[in-house]
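**Q** Next come a sequence and a model predicted from it.
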Amino acid sequence: MSKEPPFFNIKIAIKEIRKNGIRQWLIEEMTESFIEARKGKLTTYNEHKFEIHWIENITKLVDSILDRTYKPGASTTFIVHDPKDREIFAAPFSDRNVHHLLYRISVAWWDKIFIKNSYSCRPEKGTYYGILQAWSMARSATNNFSEKAYIMKMDISNYFMSLPRKELYKTIRRGLYRQFKEYLSIPEGYELFKICDFLWYQIIMDDPVEHCVRRGDKREWTNLAPGKSLLDQPPDTGIAIGNVTSQLASNAYLDSFDKYVHCQLGYKYYGRYVDDFFIIVKESDLKFALDDVKRIREYLKKEKKLTLHPKKFSVCRVDQGFAFLGARIYPHCIIPADRLQKKIKLTLHQLRNEEISNERIISFLGMTKNLNATTLMRRLFKNYDLDFRLYQEFRLLNNDDKKKTRNANDIVADLRKSHWNDTKKDAEELAKEKKEKEQMNDSKNTETDKNQNPEEEKKKNR
């Protein structure tokens, strides 16, 4: 589950602006955003470059915002293979500070607006919460799995690549206006609203393709599936996936769709994570639900300018198990799905070869922490010569325990050592066996020489 960010209160912000001025307040808030933006980026060149003169860089960034000259910098684009090819647009580190500032200001207000069963990019929610909610709804729809029910799973085609930027900005601006509506008559509140409005416009309407820097071989882009690259999209269409503002804005854009399905069409058992969503219905309601798929498709096309993926629509019985957010959900257990199992195997293989960071190891192990994966992980740890007891210790970690003496990084470090020690032991044992064989061969050769030359041996003994 994602952690709750520092609470943003407009009243407190206005008091501080009155006391210290908008510039000083913005510098302090940008510093907090800088601390957030550094997480997970401490080993990158751009973070180091910004951090060397971070006070000066933050001051320049704040001044460019106040005089409305701020513009997002050139992104770096590259292809990752995890497990299938995906295009990534990485924003400059200075822009990441702005992203985190907007996220901290807006996320708490939007979180109150969203329906309960929208799981992406929300405090105290996330993939595991979504998995538990899907299981809970399946249980409720089937009366504790004693009756038949069906789950319809759907997907929006090329969601981030197809988002219309102008419509997305209108959605965010409407929400921003509602957030600041009570304070627009106050000069400090109005100024803060205008700053946020200006920054949201710059971030959303920015074309990441313009002036982008490609990293890697251009031929890698030819392997991407149709519609999976921003480079091929029409003007004013598509946003970068990885930014926190993109996650929040994309969630806000589908908020009206969530309420259309949940409230207007009346589906109680509905849930969505980014562009994947499901509807669970009783057997008697399946026919009506299939008819409503047409209405859902028309709503997305007309109101949101998006397309329901024609090939990623499936219907199956709930009691036979279904996949959602990397897990396969059964009535009495939740296990890692096939794709997650492949990722875990790849993670352990990379751990053995020292080709993966601690953060990624912790991320993938954390995905299995609350699932029924003990048997699977015991087998995989045995196959890769890793100490399974360390995984058991990892599962028992409590992030809220302030008295704990060991954290996840300590356990991962021990995992690396255990593999290294096992490798060292294996090498020592092989060397020892090799030495013993050589000694045995030498002794055999000596005995053979004795048998072949008995007279010379007698002379030597005399």
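**A** Done, it's in. Numbers count the residues shown, from 1 in each chain.

**Q** the strands in the stretch 1-150 of the chain, which residues?
**A** For the stretch 1-150 of the chain, strands defined by DSSP state E, counting those that start in this stretch occupy the ranges 76-81, 85-90, 149-155.

**Q** Kindly reformat those as CSV containing mean neighbour count and mean pLDDT.
**A** Quick note: C-beta positions are derived from backbone N, CA and C, even for glycine. CSV is the format used below for those (neighbours: other CB atoms under 10 Å; pLDDT from 0 to 100):
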stretch, mean neighbour count, mean pLDDT
strand 76-81, 16, 86
strand 85-90, 18, 86
strand 149-155, 21, 96
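
**Q** Identify whichever of those strands lies nearest to L230.
**A** Comparison of the strands of the stretch 1-150 of the chain against L230 by CB to CB identifies strand 85-90 as nearest, at 6.5 Å.

**Q** Output the strands of the stretch 1-150 of the chain as JSON lines; include the columns distance to G271.
**A** Written out in JSON lines, the entries for these read as follows (distance: least, CB to CB, whole Å):
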{"stretch": "strand 76-81", "distance to G271": "27"}
{"stretch": "strand 85-90", "distance to G271": "24"}
{"stretch": "strand 149-155", "distance to G271": "10"}
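
**Q** who's in contact with V274?
**A** 120, 159, 247, 250-251 (CB atoms under 8 Å, 6 or more residues apart in numbering).

**Q** let's go with 10 Å and repeat that
**A** Contact analysis of V274 by CB atoms under 10 Å, 6 or more residues apart in numbering lists 118-121, 155-156, 159-160, 241, 247, 250-251, 254, 325.

**Q** One more: L306?
**A** 156-159, 162-164, 167, 253-254, 257, 275, 297, 299-300.

**Q** Now restrict these to buried residues only.
**A** In the contacts of L306, burial by neighbour count holds for 156-159, 162-164, 167, 253-254, 257, 275, 297, 299-300, counting by 16 or more other CB atoms under 10 Å.

**Q** Tell me, how many residues neighbour the closest residue to R38 other than its chain neighbours?
**A** Counting by CB to CB, 6 or more residues apart in numbering, the nearest residue to R38 once its immediate chain neighbours are dropped is E47, at 6.1 Å. Counted by other CB atoms under 10 Å, the residues lying close to E47 total 18.

**Q** can you pull the contacts of E47?
**A** Under the criterion of CB under 10 Å, 6+ apart, the contact list for E47 reads 34, 37-38, 40-41, 54, 93, 96.

**Q** Apply 7 Å and report the result again.
**A** Contact analysis of E47 by CB atoms under 7 Å, 6 or more residues apart in numbering lists 38, 41, 93.

**Q** Looking at those, which are in helices?
**A** Secondary structure assignment (DSSP state H) places 38, 93 from the contacts of E47 within helices.

**Q** Scan the contacts of E47 and report the most crowded one.
**A** Across the contacts of E47, neighbour numbers were computed from other CB under 10 Å; F93 holds the maximum, 21 neighbours.

**Q** So for it, what's the pLDDT?
**A** Predicted confidence (pLDDT) for F93: 92.

**Q** That one touches Y45, doesn't it?
**A** No: the pair F93 and Y45 does not pass the contact test of CB atoms under 7 Å, sitting 9.2 Å apart.

**Q** quick one: Q320 and T375, what's the gap?
**A** Q320 sits 21 Å away from T375, taking CB to CB, to the nearest Å as the criterion.

**Q** Much appreciated, bye for now.
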